[in-house]
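*Asks:* Got a predicted model here, sequence first, then my questions.
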Amino acid sequence: SAEALVSAGKVPLQVEKDDLAGREDLRHLMFVTIDDETAKDFDDAVAIARLNKGYRLWVAIADVAHYVASGSAIDKDALERGTSVYFPGTCLPMLPEALSNGICSLNPQVDRLVLVAELDFDASGQRVGLRFSQAVMHSHARLTYTAVAAILVEADSVVRAEHEGLVEALEIMRELAELRITCRHQRGSLDFDLPEAQINLDVKGRPETI
């Protein structure tokens, strides 16, 4: 709605000093986002550390509620849309673009307000601690699934050199992920590895191939 767009236009373009009051400062942590190549907004980020007897994982999501007041024009429009909808070649965002691609997107090399789950795991991958906080973070890189696979699975020397400062953290993440997958399988979980269809459009935006 026009009212929502006006409200979105008043949202700051960057995190302001007053926004940091009462928040935990996690900008020193090596947060990264990992998404598909075609992703336009980044709403979650991860960081990890190896502890003496396990791991500590931080999972951060954009603190949208800091900028969207309950009952506001933006909130009402978001409730009506329900979710962002991704079509081939375009996206219908739940929030105005100033938020979804701007201050509420965990873009690299900028500070962002987030809600964080801090999870502790023992050496076998069992969760032994959990804490939530409002925080400010700084994403150090926008990674893709393809790049992470090149680093961890294919051991591509060029890609590993390009992301040299992140390789160790990604390898620790892989360790924890493998432990968590083992725990999940022990509980009887099924793992479906299914291909994802990609629709290719012609110059007029019509589906051409799948």
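*Replies:* Alright, I've got the coordinates. Small disclaimer: the values here were computed from a predicted structure and weren't measured.
*Asks:* Tell me which stretches of this protein form strands.
*Replies:* 24-25, 31-35, 44-51, 54-62, 85-87, 90-92, 111-122, 127-144, 200-201, 207-209 (DSSP state E).
*Asks:* Between those, which one is closest to C104.
*Replies:* strand 54-62 (4.6 Å; CB to CB). The way it works is simple: take the backbone N, C-alpha and C, and place the C-beta from them, glycine included.
*Asks:* and that closest one, average pLDDT?
*Replies:* Mean pLDDT, computed over strand 54-62, is 97.
*Asks:* partner strands of it, parallel or antiparallel?
*Replies:* Strand 54-62 has the following sheet partners, assigned by DSSP bridges: strand 44-51 (antiparallel), strand 111-122 (antiparallel).
*Asks:* S157: which of the strands of the chain is closest?
*Replies:* Of all the strands of the chain, strand 127-144 sits nearest to S157, with 17.1 Å by CB to CB.
*Asks:* Please identify which of the strands paired with strand 54-62 is closest to K10.
*Replies:* strand 111-122 (16.3 Å).
*Asks:* chain center to the closest one: distance?
*Replies:* Put simply, strand 111-122 sits 11 Å off its chain's centre (CA atoms, centre = their mean, to the nearest Å).
*Asks:* Pull out the buried positions in it.
*Replies:* D111, R112, L113, V114, L115, V116, E118, L119, D120, F121 (16 or more other CB atoms under 10 Å).
*Asks:* Give me the angle between it and strand 127-144.
*Replies:* In terms of direction (axes from the mean of the first three to the mean of the last three CA atoms, to 10 degrees), strand 111-122 departs from strand 127-144 by 130 degrees.
*Asks:* now strand 111-122 against strand 31-35, angle please.
*Replies:* 90 degrees.
*Asks:* what's next to the lengthiest helix in the chain, contact-wise?
*Replies:* Using DSSP state H to define each element, the chain has its longest helix at helix 167-186. Identification of contacts with helix 167-186 by CB atoms under 8 Å, 6 or more residues apart in numbering yields 30, 32, 46-50, 55, 57, 121, 124-126, 148, 151-152, 160, 163, 191.
*Asks:* Tell me which residues touch G89, please.
*Replies:* Counted by CB under 8 Å, 6+ apart, G89 has contacts L201, G205.
*Asks:* Could you turn the buried ones of the contacts of helix 167-186 into a ChimeraX selection?
*Replies:* Buried residues among the contacts of helix 167-186 (16+ other CB under 10 Å), as a ChimeraX selection:
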select :30,32,46,47,48,55,57,121,125,148,151,152,160,163
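*Asks:* For E162, see how far away the most centrally placed residue in the chain is.
*Replies:* When CA atoms, centre = their mean is applied to the chain, the residue found nearest the centroid is D44 (2.0 Å). As judged by CB to CB, to the nearest Å, D44 and E162 stand 23 Å apart.
*Asks:* Over to E80?
*Replies:* Distance from E80 to E162, by CB to CB: 42 Å.
*Asks:* more neighbours, the two?
*Replies:* Legend: neighbour count by other CB atoms under 10 Å for E80 and E162, higher for E162 (15 against 9).
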